[in-house]
Every structure is written in C-alpha cells, then in structure tokens.
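Asker: My questions are about this predicted structure, shown below with the sequence.
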Amino acid sequence: MQTPWRWLPLALPVASASALAQQPAQPLPKVGGCPLGYYSSGGYCVPSASGNTRGAIEKAGSSCPPGFYSSGNYCVKSR
C-alpha cells in the first residue's frame, strides 16, 4: 500500500502559488524586468494603478504552475 503523503511535496507549491495569486496584487522584489501589469520602482515591481493587475509570483525553475503564464522571471495568474 502506498502512502498518500508522498504527493504532498508536489501539491504544496501549486497550492501556495494559487493562494498567493488570489490575493490583491502586491509589490514584488525586482528580478530582471517586471511582469506585465507592473512597473519598476527602486528594487520592486509595483502593480499598475489601473486596478486590474493580476497577481504574480517569482518563477521557480523554468516553468509556471497551472493557471499561470510566464512573464520574464515571473508567473502571472491567467484569470
């Protein structure tokens, strides 16, 4: 019998990314260029004032979790 806990390390990053992106868009530490909908201010990427900026997270590795698309060094929530 296989233990169900073996999938937990894979599920946590996706769950964490989804939870973070559902919160209002917040400033992010600047890593290269800013993602779509953000502008550079000092060492941060700040959400634009338009109010419709989607949540973003720093990209970990070369791909984004499900529900996100790549924008430079960031992953931006698709919807």
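Answerer: Perfect, I can see it now. Remember, predicted model here, so these are calculated numbers, not experimental data. Numbering: from 1, shown residues only.
Asker: what ranges do the helices span in the protein?
Answerer: Along the chain, the segments classed as helices by DSSP state H run 8-22.
Asker: tell me the centre residue of it?
Answerer: Centroid check for the chain by Cα atoms, centre = their mean gives residue 57 as the closest residue, at 2.1 Å.
Asker: Just to check, that residue is in contact with residue 70?
Answerer: No: with contacts counted by Cβ atoms under 8 Å, residue 57 stays clear of residue 70, the gap being 11.2 Å. The C-beta positions use only the backbone N, C-alpha and C, and glycine is treated the same way.
Asker: which residues do the two both contact?
Answerer: Here residue 57 and residue 70 have no joint contacts, going by Cβ atoms under 8 Å, 6 or more residues apart in numbering.
Asker: for the protein, what helix or strand is lowest in average pLDDT?
Answerer: Every helix and strand in the chain was compared by mean pLDDT, DSSP states H and E; the lowest is helix 8-22, with a mean of 50.
Asker: thinking residue 26 is in contact with residue 53, fair?
Answerer: No: counting by Cβ under 8 Å, residue 26 sits too far from residue 53 to count as a contact (9.8 Å).
Asker: Looking at those two, which one has more neighbours?
Answerer: Counted by other Cβ atoms under 10 Å, residue 26 and residue 53 do not tie: residue 53 has more neighbours, with 20 against 13.
Asker: got the phi/psi numbers for that one?
Answerer: As for residue 53, its main-chain torsions (degrees, to the nearest 10) stand at phi -70, psi 130.
Asker: residues contacting it?
Answerer: Applying Cβ under 8 Å, 6+ apart, the residues near residue 53 are 25, 37, 38, 47.
Asker: got it, and residue 78?
Answerer: Taking Cβ under 8 Å, 6+ apart, we find residue 78 in contact with 54, 67, 68, 69.
Asker: By neighbour count, which of those wins?
Answerer: With neighbours taken as other Cβ under 10 Å, the top of the contacts of residue 78 is residue 68, carrying 23 neighbours.
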